[in-house]
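S.K.: Predicted coordinates and the sequence they were generated for:
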Amino acid sequence: MSRWDRREPYRKQARDKGYRARAAYKLLEIEKRFQILQGVQKIVDLCCAPGSWLQVVTQHCKESGLRIIGVDTAPVKPIQDVKIIKCSIDALDLASRIREQLGGLADLILSDCSPKLTGNKTLDRERQVYLAKRSLALSLEILSKGKHFVTKIFQSEQTGELVATAKNHFEFIRLFKPSASLPRSPEMYLIAKYFRASAK
Ligand SMILES: C[S@@+](CC[C@H](N)C(=O)[O-])C[C@H]1O[C@@H](n2cnc3c(N)ncnc32)[C@H](O)[C@@H]1O
């Protein structure tokens, strides 16, 4: 094992198991702790490139009538049974495109968005929290009642605001830092389960 692999064991594991990114292990930990992938048929993965979360989803979700959509501005190599929408999560028509592709509302929305990091911590955090908020807003439009939403969020002064908004819409809220997430990274995951209202 190289020195780099010893420092980053999840990177080597991901390579050995054929995952496109070490991020796969973050979703696997979230699933082990919060059981979000069970029984879901219609799944949307926002900011999905290069596609390791989609790989985990296709391995875990085996319901009949499965529909999986990934969204990213970056290209994603094809994954069997996954439809990719190549656009920004800011696109005004995204909610309607997703509903059309799913043939209705979603059972699960995942979001692992990160902006291109500039090294300016304040700016990077602001941009990431914007993406997390946008993901939540989109979820309120396209999620079925009783279903779940998971998003990455960089810890910042705005984290509390996003958590408070999520609390208004979901019965169960947790912030979780998977061990696969580097300790030096400000990222955490907001797990929001049991959406209260039917999307319009
Ligand atoms: C950490 S990566 C996601 C990794 C992914 N979960 C996986 O397992 O492969 C973050 C992604 O956010 C995407 N992204 C950032 N801003 C975006 C935006 N406005 N719209 C869509 N995707 C965006 C980037 O292109 C990048 O692919």
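M.R.: Everything's here; your move.
S.K.: got a list of what Lys83 touches?
M.R.: Going by Cβ atoms under 8 Å, 6 or more residues apart in numbering, Lys83 touches 67-70, 101. Quick note: C-beta positions are derived from backbone N, CA and C, even for glycine.
S.K.: From those, list just the buried residues.
M.R.: 67-70 (16 or more other Cβ atoms under 10 Å).
S.K.: by contact count, what packs against the longest helix along the chain?
M.R.: In the chain, taking DSSP state H as the definition, the longest helix is helix 121-142. The helices and strands touching helix 121-142, judged by 3 or more Cβ pairs under 8 Å, 6 or more residues apart in numbering; DSSP states H and E, are strand 42-46, helix 94-102, strand 106-111, strand 143-154, helix 159-169, strand 187-195.
S.K.: Filter the contacts of Lys83 down to the ones in helices?
M.R.: Using DSSP H, those in helices are Gln101.
S.K.: and Arg20, what does it touch?
M.R.: Each residue near Arg20 by Cβ under 8 Å, 6+ apart is listed here: 14, 50-52, 55, 77.
S.K.: Looking at the contacts of Lys83, spot the one nearest Arg127.
M.R.: Nearest to Arg127 among those, counting by Cβ to Cβ, is Gly70 at 20.8 Å.
S.K.: Relative to the ligand, how far out is the residue lying closest to that closest one once chain neighbours are set aside?
M.R.: Take Gly70 and drop its neighbours on the chain: the residue closest to it by Cβ to Cβ, 6 or more residues apart in numbering is Cys48, 3.4 Å away. Cys48 is 6 Å from the ligand, where distance means Cβ to the nearest ligand atom, to the nearest Å.
S.K.: next one: Phe195
M.R.: Using Cβ to the nearest ligand atom, one gets 21 Å for the distance from Phe195 to the ligand.
S.K.: List the beta-bridge partners for that residue.
M.R.: Phe170 (DSSP bridges).
S.K.: got the residues of this structure near the ligand?
M.R.: 20-21, 23-24, 47-53, 71-74, 88-90, 112-115, 131 (Cβ under 6 Å from any ligand atom).
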